[in-house]
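**Student:** Mind folding the following:
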Amino acid sequence: MEMPVNSPAIELSEFYRRLLFCFVIGNGDMHLKNWSLYQEAHSGLIKMSPFYDCLNVRASFSEERVEMILSINGKQTDLTRNDFEKFGMSLGISENFIRTSFRKLPYWSEIIQEYCSRSCLSPKLKARYLSIVSNRFSKLI
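**Tutor:** Model (predicted):
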């Protein structure tokens, strides 16, 4: 029996957006075990599961040298906007979606700063977290 599948283009775009977000927040530990699909009970559609295990690993492990455990264009370090743009294109994601994703980065920055300020992190870890995010944004803007 064939299972109905949500639009692959939508799911790939969501994967791309989440991967970009993981890079921005310093979550270099998003290995394949943290990405999964599920089947909706009411519709039977197969979709990406809700986002989970999404942490700024780099803030706690200052010796961490890998920016992303999943390679982007064969790289795990020194990633740039160009790397993410090429990766998105290789997935078949529209140029418009890729451009829109980058245009939303300043909005993401505001939200990240707000949530970080309200977090239970120590002042030192908050500063480190925001420094990592700022560095990542500078690589993408």
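
**Student:** where does Lys124 fall, phi/psi-wise?
**Tutor:** The phi/psi pair for Lys124 (degrees, to the nearest 10) reads phi -70, psi -40.

**Student:** Can you give me the distance of it to Gly28?
**Tutor:** From Lys124 over to Gly28 the distance is 20 Å, taken as CB to CB, to the nearest Å. (C-beta placed from N, C-alpha, C; glycine too.)

**Student:** Those two: who's more crowded?
**Tutor:** For Lys124 versus Gly28, neighbours defined as other CB atoms under 10 Å are more numerous around Gly28 (22 against 9).

**Student:** Am I right that the more buried one is in a helix?
**Tutor:** No. Read with DSSP: H, G, I helix; E, B strand; the rest coil, Gly28 is coil and lies in no helix.

**Student:** Now for it: which residues touch it?
**Tutor:** Going by CB atoms under 8 Å, 6 or more residues apart in numbering, Gly28 touches 22, 57-58, 64, 66-69, 76.

**Student:** hmm, which of these are the buried ones?
**Tutor:** Among the contacts of Gly28, those buried by neighbour count (16 or more other CB atoms under 10 Å) are 22, 57-58, 67-69.

**Student:** Between those, which sits nearest Ser90?
**Tutor:** Met68 (15.2 Å; CB to CB).

**Student:** So which other helices or strands are in contact with the least confident helix or strand in the chain by mean pLDDT?
**Tutor:** Here the helix or strand of the chain ranked lowest by mean pLDDT, DSSP states H and E is helix 57-60, holding a mean of 78. The contact analysis (3 or more CB pairs under 8 Å, 6 or more residues apart in numbering; DSSP states H and E) places helix 57-60 against helix 123-140.

**Student:** Give the other helices and strands that the helix it packs on contacts.
**Tutor:** Using 3+ CB pairs under 8 Å, 6+ apart: helix 123-140 touches helix 8-25, helix 57-60, helix 81-90, helix 105-118.

**Student:** In JSON lines: the ones you listed, plus distance to Leu45.
**Tutor:** Converted to JSON lines, the helices and strands packed on helix 123-140 look like this (distance: least, CB to CB, whole Å):
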{"stretch": "helix 8-25", "distance to Leu45": "10"}
{"stretch": "helix 57-60", "distance to Leu45": "32"}
{"stretch": "helix 81-90", "distance to Leu45": "23"}
{"stretch": "helix 105-118", "distance to Leu45": "27"}
